[in-house]
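Participant: Let me see the structure of the following:
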Amino acid sequence: MKIVALAGGVGGAKLAHGLAQILKPEELTVIVNTGDDFEHYGLYICPDLDTVCYTLAGLANPETGWGRADESWNVIENASKLGGPDWFKLGDRDLGTHLERTRRLKAGDSLSQITQDFCKAWGIQHTVLPMSDQPIRTMVETDEGELAFQEYFVHRRCEPRVKGFRFEGAEVAEPAVWAREAVASADAIVVCPSNPWVSVDPILAVFSPLLSGEGLGVRSIAVSPIIGGEAIKGPAAKMYRELGIEPSALAVARHYQGLITHFVMDTVDSQLIESVRGLNMQVTVTNTVMKSHVERKRLASEILEFIGVTV
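Facilitator: Presented below is the predicted three-dimensional model:
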């Protein structure tokens, strides 16, 4: 059994970690959004890719969900005293990742190969891959004009009202070779509880030429990141509202209609079961909040059982 998980952000990283606690290394590939990558201080930063890797390696900051645990901030604090930007926090340990990745990219290595080597160094046994080795940038259309994703998300703290999204470069980018092979050979695809607009849609945009109008083509399941009309973390619910859509698990299911066969939502949204079933999806409800490693594994186990995967 081969499972591909599509992930981005903290929620995606947590479920990927849950799946990794159950599945063998050869059974799980995590394909990660790189639409929020950007350059800062001349370094190539991959926030979602690093969040997933740090989480799988047990290196993530348990309080923020992003960045490294036991982090210090000497470099960014001293750079800011000299007039450098400090709106995007780069910890001292984290900087090592960005320095080496940037060096190797400039030397001609692919982001996929670099990620594989980093995973090996961090002791990650499962496969983690960027969605593409080519640059794709999520651009946020707002009432203050179009903003690069990190400018909107971190620097502006999601304050501008969202009007839409554009994935610059997706129209010409191709999926990373190993990621393409993983999707082609997958028995099931899990869309993690990541932001549908800016974490999952960039991945789908890159892989859309492979979908051939038949959805993800295999057993495919999405987990709602919206619980009781709100996101546990991040701006997903705010984005839905500003786009004129009431945020709910049903709205998430509609977002993926035609792509997925199965849907998971939290027990607090159980009144929406019949409405989601009306979208031609099989539905289950459970506690989708993952506050501990045990809860990540429990949710992953329930997801795999729901789509008929025996482990």
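Participant: When you work out contacts or count neighbours from here on, use the C-alpha atoms and nothing else.
Facilitator: OK.
Participant: now stretch 109-122: mean pLDDT?
Facilitator: The pLDDT scores in stretch 109-122 average 98.
Participant: If you count neighbours, what's buried in it?
Facilitator: Under the neighbour-count criterion of 16 or more other C-alpha atoms under 10 Å, stretch 109-122 has S110, L111, S112, Q113, I114, T115, Q116, F118, C119 buried.
Participant: want to throw those into TSV with distance to D50 and secondary structure?
Facilitator: Formatted as TSV, the buried residues of stretch 109-122 follow (distance: C-alpha to C-alpha, whole Å; DSSP: H, G, I helix; E, B strand; the rest coil):
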residue	distance to D50	secondary structure
S110	16	coil
L111	12	helix
S112	13	helix
Q113	14	helix
I114	12	helix
T115	9	helix
Q116	12	helix
F118	10	helix
C119	10	helix
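Participant: Specify which member of the residues you listed is nearest to K163.
Facilitator: K163 lies nearest to L111 out of the buried residues of stretch 109-122, by C-alpha to C-alpha, at 30.9 Å.
Participant: check contacts around that closest one.
Facilitator: Contacts for L111 were tallied using C-alpha atoms under 8 Å, 6 or more residues apart in numbering; they are R101, L105, P130, D133.
Participant: Now for the last one: which residues touch it?
Facilitator: The neighbours of D133, taking C-alpha under 8 Å, 6+ apart as the test, are S110, L111, S112, E174, P175, A176.
Participant: can we see that at 6 Å?
Facilitator: Taking C-alpha atoms under 6 Å, 6 or more residues apart in numbering as the criterion, D133 is in contact with L111, A176.
Participant: State the distance from it to V172.
Facilitator: 12 Å (C-alpha to C-alpha, to the nearest Å).
Participant: so what's in contact with these two at the same time?
Facilitator: Joint contacts of D133 and V172 (C-alpha under 6 Å, 6+ apart) do not exist.
Participant: Out of the buried residues of stretch 109-122, which comes closest to D92?
Facilitator: Nearest to D92 out of the buried residues of stretch 109-122 is F118 (C-alpha to C-alpha; 16.9 Å).
Participant: do you know how far the closest one is from Y240?
Facilitator: Counting by C-alpha to C-alpha, the gap from F118 to Y240 is 35 Å.
Participant: returning to that earlier point: of the contacts of L111, which belong to helices?
Facilitator: Members of the contacts of L111 lying in helices (criterion: DSSP state H): R101, L105.
Participant: Most neighbours among the contacts of L111, which one?
Facilitator: Sorting the contacts of L111 by how many neighbours each has (other C-alpha atoms under 10 Å) puts P130 first, at 28 neighbours.
Participant: Point out where this protein drops to low pLDDT.
Facilitator: For the chain, the stretches with pLDDT under 70 are 209-217.
Participant: Could I get the full set of helices for the stretch 1-150 of the chain?
Facilitator: Along the stretch 1-150 of the chain, counting by DSSP state H, counting those that start in this stretch, helices occupy 9-22, 47-57, 74-81, 92-106, 111-122, 149-150.
Participant: which residue of this protein sits farthest from its center?
Facilitator: L82 (34.0 Å; C-alpha atoms, centre = their mean).
Participant: Dump the buried residues of stretch 109-122 to JSON lines, plus distance to Q257.
Facilitator: Converted to JSON lines, the buried residues of stretch 109-122 look like this (distance: C-alpha to C-alpha, whole Å):
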{"residue": "S110", "distance to Q257": "33"}
{"residue": "L111", "distance to Q257": "31"}
{"residue": "S112", "distance to Q257": "30"}
{"residue": "Q113", "distance to Q257": "33"}
{"residue": "I114", "distance to Q257": "34"}
{"residue": "T115", "distance to Q257": "32"}
{"residue": "Q116", "distance to Q257": "33"}
{"residue": "F118", "distance to Q257": "35"}
{"residue": "C119", "distance to Q257": "34"}
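Participant: Closest to F149 out of those residues?
Facilitator: The closest of the buried residues of stretch 109-122, once distances to F149 are taken by C-alpha to C-alpha, is L111, at 19.7 Å.
Participant: any idea how far the closest one lies from Q134?
Facilitator: With distances taken as C-alpha to C-alpha, L111 is found 8 Å from Q134.
Participant: likewise S248?
Facilitator: S248 is 33 Å from Q134, by C-alpha to C-alpha.
Participant: Please say which of those two ends up with more neighbours.
Facilitator: Applying other C-alpha under 10 Å to S248 and Q134 shows that S248 carries more neighbours, namely 22 against 17.
Participant: Without its sequence neighbours, what residue ends up closest to the more buried one?
Facilitator: Excluding the flanking residues, the one nearest S248 by C-alpha to C-alpha, 6 or more residues apart in numbering is G229, at 4.6 Å.
Participant: neighbours around S199, how many?
Facilitator: 25.
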